[in-house]
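A.B. asks: sequence first, predicted coordinates after that:
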Number of protein chains: 4
Amino acid sequence: MKYKVNSQLVYTINQPSTFIFNVQVVRNDFQKIIAEELQVEPQLTFDELIVDENRNRYVRLVAPVGNLAVNYQATVDLSHFFTGGKDIAEVPPSELPMETFKYLYPSRYCQSDMLFGLVQSEFNNLEPGYQRVAAICDWIYEKVTYLSGSSNSQTSAYDTAMQRAGVCRDFAHLGVAFCRALNIPARFVSVYAYQLEPQDFHAVFEAYLGDRWYLFDATNLAPKEGFIRVGTGRDAADVSVATIFGSVKLEEMKISVDQLSEEKEPDNMGEAIAIA
Amino acid sequence: MKYKVNSQLVYTINQPSTFIFNVQVVRNDFQKIIAEELQVEPQLTFDELIVDENRNRYVRLVAPVGNLAVNYQATVDLSHFFTGGKDIAEVPPSELPMETFKYLYPSRYCQSDMLFGLVQSEFNNLEPGYQRVAAICDWIYEKVTYLSGSSNSQTSAYDTAMQRAGVCRDFAHLGVAFCRALNIPARFVSVYAYQLEPQDFHAVFEAYLGDRWYLFDATNLAPKEGFIRVGTGRDAADVSVATIFGSVKLEEMKISVDQLSEEKEPDNMGEAIAIA
Amino acid sequence: MKYKVNSQLVYTINQPSTFIFNVQVVRNDFQKIIAEELQVEPQLTFDELIVDENRNRYVRLVAPVGNLAVNYQATVDLSHFFTGGKDIAEVPPSELPMETFKYLYPSRYCQSDMLFGLVQSEFNNLEPGYQRVAAICDWIYEKVTYLSGSSNSQTSAYDTAMQRAGVCRDFAHLGVAFCRALNIPARFVSVYAYQLEPQDFHAVFEAYLGDRWYLFDATNLAPKEGFIRVGTGRDAADVSVATIFGSVKLEEMKISVDQLSEEKEPDNMGEAIAIA
Amino acid sequence: MKYKVNSQLVYTINQPSTFIFNVQVVRNDFQKIIAEELQVEPQLTFDELIVDENRNRYVRLVAPVGNLAVNYQATVDLSHFFTGGKDIAEVPPSELPMETFKYLYPSRYCQSDMLFGLVQSEFNNLEPGYQRVAAICDWIYEKVTYLSGSSNSQTSAYDTAMQRAGVCRDFAHLGVAFCRALNIPARFVSVYAYQLEPQDFHAVFEAYLGDRWYLFDATNLAPKEGFIRVGTGRDAADVSVATIFGSVKLEEMKISVDQLSEEKEPDNMGEAIAIA
């Protein structure tokens, strides 16, 4: 299935400022970039970094005083992996791929070590496997109110577990933290999401089950089939849309995601998404 | 019903230290002190303070280097008030006695303002009244593990809501905080408790419902009929068994509570306890 | 010295709401109320409560949907106690009046038990007495930025010690918490303040030294001689200008404090000001 | 300079448990491993993982019920890089190597985003560069008490900044968090340390200055020249000596670090250490 993504960020720059953007979609076997373009206005030179393991793409630029517009367009062909979720097992630490361990450790916004008691009390008796992570998503969806403006950049999973309100970032952090407290590797994923209303950058999470990573979205705001991956990290700290050093004001943010072809996904192969 | 209380605290004093003890039972209409004695060894002069409103009794003394033993014995005649809990209503803020308002405010260990989201999510849809506070106690009993040593003197209701483990003090703080977040005045009560196993100072809480304070104990460790009140306050900060300024070591603490007469409570009048 | 206070609060009421106001000045030996008037528009009946110990005055009313205006005027004759601060000693716990002990305990916004390490590190080596509390005020004034909007109703002394920004309420909480961690009884005081710019409700604190309570203001925003006491409590939870149960919007708040007589206070001796 | 490291960990295993050890020294240009041996008793198979970027070496094994002894010996030839620290500059975000950015982000135990206010207040006016990080170390050394047992595995830089007590791990976390809040990339380093008394695993930190990483140790407990690197990460979560899934008890931990040759370091080249 092909999608066209368009994202535009417009800033007023009050003093020369350095930006690290993470807005470009990732290239991998399940997500082919057919075409893409990154336009910066005014025209500025920029550095690019691709972090090997997760292939996150970062762009750095220094913006002079005035306006800055960053416009990114991409045509992406998704071929997610689909499977029934019922029989996907949790993997004991003795058998986990060793490169997944870093996603078991607590991170800034996913303090799994501090959520152990709550997780034991709420989720320990559930049947392990894909269905337990799905039950965690249901718990979050039911107990946490999606409320724009209810959290900020310092809000962590620990806070959200108590405040019971947040946005997609907070829902994803909570899912990640709960999984890690159950010894399930979990990580934060920023995506463009088809049919998200209103359009925005979206945040979801992945848990390692069976022999691959599976996507989960406790917000239920958009279908997982239409997630186009931008960044993968331990939590939002790793994949901020824009990390800014300086004094700037975001004036406008506009995202669109359109489906290009109507035909149904022909072969269920590709990036791990389990449709239980 | 008459009870005999005996409590003994033994300390080693490393440097001259000031103690504030709150171990004597309160005198009120529902709790008559037939006899009592406070022995301090070595013999030391001490100050006494009775705080008017709650009638808490504090004793201050300065202990020299060496050993200190404080032995308190009392014979108390309890005449708790009993009633069926089903029809006891919550009182709207417009009709609450104004002296109960201080028990609506957040306090050090009962940060009700920070628990509002959790309380809305978990308890807001329950039917108001005595049964809602009872349901809060059930929630605490079910979700929080009673575990000796799992908390310390800095542990607050906010912490316990997440750690899901604590002792009687933590259970009481959680009950108080949850009630306050629902605009139900609630306060911390330290008691001697008949049939508590193992014997110790016990902590429970009261909520203001209908036209009086009702006792609750989310630990279910001892029957409410046998609670002998020592201190009443906003939280444990107000009614510590011993507030100590200096360097001391608690060597021994021995509590006993015995029933003196076997005859059943003849008239159900006295301090408010609702048996739902 | 005589002052005329005028405070006006205007709300839009979206649903019938209960208010507890604490805006009236306290009557005591150092602060005589020559005249006062409380006007509520629309005309509503209200309850009044004077809390004995601190003589705080609370007014409760239930406002119907529409507008609510509360206008309070008072003419007050202040006769603060002045003394030189240099020789005022801290009082050891063994000699403190027992009614001051409640102001040694940690409270919701003044978690002195959690600030013990910082206080030991920063203030323990300072010479005890009035000058140590003055040094605490200097520390706060120097290290914490007064910044409107930098804190909210949940911000505590623990937070402010780290964020290093706040408003008068936060400065007062920090002063209270630091003192308590040094075993100096301290409490929160809300005042009208002559020459405060811009005019607003103001928050300061008191520490118990020598044989009385002394006022301190780490913000240095107005002269202590012109403080007119409204509420005294453990922290802001006790003396909110308005505790509101319902859905309302504050539309306007207007405060003025004028000096009525020009003659200079005859004996302005010493920084220390005590109001019993 | 050559060192001989010996570390021994002995556990009682109560149920079959999975261990991830990070006790082997890193191989890099500045640290040559001349000989090494890892003995596990009983003899168990284990997985090894070397994380590319930092070359941390992890060993995973599953221990059956009984005893487990892990003994690691290595002979290492250190050739640290030495330079005068005075002229080493901080690097603006626009010029930092992009792979250092991950060490600017807040992590679980180094919540730099929450320490911004404190850091602005305490360190912003200091002259930037190596000497500012050195001043941060001095601040930590002066204001934080090294106290065994004063912290636990959940203690973070935020906590330590307030509690003002901790062990090497906490000192390192504080240094890392302070640097990041100043936009200086910083990371956690676990080492064996020559002349550390008493011997133990040690934790220090690195800051990126000029064109390389420089080692800092706010504890001042051992000379930097004798640090033998084990793990490098965002914070202690990445480089735990042992991450354990199961029920075990550490019975014994024995570390020794001996210098093999007395001759002075001939050429000051190697891993970055600045001797200011």
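C.D. replies: Yes, it's here. Numbering: from 1, shown residues only, chains lettered A, B, ... in the order given.

A.B. asks: which parts of the stretch 51-200 of chain A sit against chain D?
C.D. replies: A:51-52, A:58, A:60, A:62, A:92-94, A:98-99, A:101-102, A:104-108, A:111, A:113-114, A:153-154, A:183 (C-beta under 8 Å from any C-beta of the partner chain). Heads up, the C-betas are built off the backbone N, CA and C, glycines and all.

A.B. asks: return the members of the residues you listed classed as buried.
C.D. replies: A:51, A:58, A:60, A:62, A:93, A:101-102, A:104-108, A:111, A:113-114, A:183 (16 or more other C-beta atoms under 10 Å in any protein chain shown).

A.B. asks: which of those residues lies closest to residue C:213?
C.D. replies: residue A:114 (39.7 Å; C-beta to C-beta).

A.B. asks: please name the nearest non-neighbouring residue to that closest one.
C.D. replies: residue A:158 (5.5 Å; C-beta to C-beta, 6 or more residues apart in numbering or on different chains).

A.B. asks: again with residue A:121
C.D. replies: For residue A:121, the closest residue by C-beta to C-beta, 6+ apart turns out to be residue B:164, at 4.3 Å.

A.B. asks: repeat that for residue A:141.
C.D. replies: Using C-beta to C-beta, 6+ apart, the nearest residue to residue A:141 is residue A:218, at 5.3 Å.

A.B. asks: can you tell me the SS state at that neighbour?
C.D. replies: coil (DSSP: H, G, I helix; E, B strand; the rest coil).

A.B. asks: was I right to think it contacts residue A:174?
C.D. replies: Yes: between residue A:218 and residue A:174 a contact is recorded at 7.0 Å, counting by C-beta atoms under 8 Å.

A.B. asks: what sits in contact with each of these two?
C.D. replies: The contact sets of residue A:218 and residue A:174 overlap at A:140, A:144 (C-beta atoms under 8 Å, 6 or more residues apart in numbering or on different chains).

A.B. asks: strand partners (parallel or antiparallel) of the strand or helix carrying residue A:19?
C.D. replies: Of the helices and strands defined by DSSP states H and E, residue A:19 is found in strand A:17-21. Partners of strand A:17-21 in the sheet, by DSSP bridges, are strand A:57-63 (antiparallel), strand A:242-245 (antiparallel).

A.B. asks: as a markdown table, the ones you listed with mean pLDDT would be great.
C.D. replies: Formatted as a markdown table, those follow (pLDDT from 0 to 100):
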| stretch | mean pLDDT |
| --- | --- |
| strand A:57-63 | 96 |
| strand A:242-245 | 96 |
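
A.B. asks: which one is residue A:163 nearest to, not counting chain neighbours?
C.D. replies: Using C-beta to C-beta, 6+ apart, the closest residue to residue A:163 is residue B:117 (4.1 Å).

A.B. asks: cool, residue A:32 as well?
C.D. replies: residue A:77 (4.4 Å).

A.B. asks: please apply the same query to residue A:64.
C.D. replies: residue A:16 (5.5 Å).

A.B. asks: lowest confidence element among the helices and strands of chain A?
C.D. replies: Within chain A, no helix or strand scores below strand A:272-274, which has a mean of 68 by mean pLDDT, DSSP states H and E.

A.B. asks: can you list the residues of the stretch 51-200 of chain A near chain B?
C.D. replies: A:114-115, A:117-118, A:120-122, A:143-145, A:158, A:161-165.

A.B. asks: of those residues, buried ones?
C.D. replies: Buried among these (16+ other C-beta under 10 Å): A:114-115, A:117-118, A:120-122, A:143-144, A:158, A:161-165.

A.B. asks: among these, which one lies nearest to chain C?
C.D. replies: Chain C has its nearest neighbour among these in residue A:163, at 10.4 Å by C-beta to the nearest C-beta.

A.B. asks: among the buried ones among the residues of the stretch 51-200 of chain A next to chain D, name the ones in strands.
C.D. replies: A:58, A:60, A:62 (DSSP state E).

A.B. asks: quick one, what contacts the first one?
C.D. replies: Contact analysis of residue A:58 by C-beta under 8 Å, 6+ apart lists A:20-22, A:48-51, D:98, D:101.
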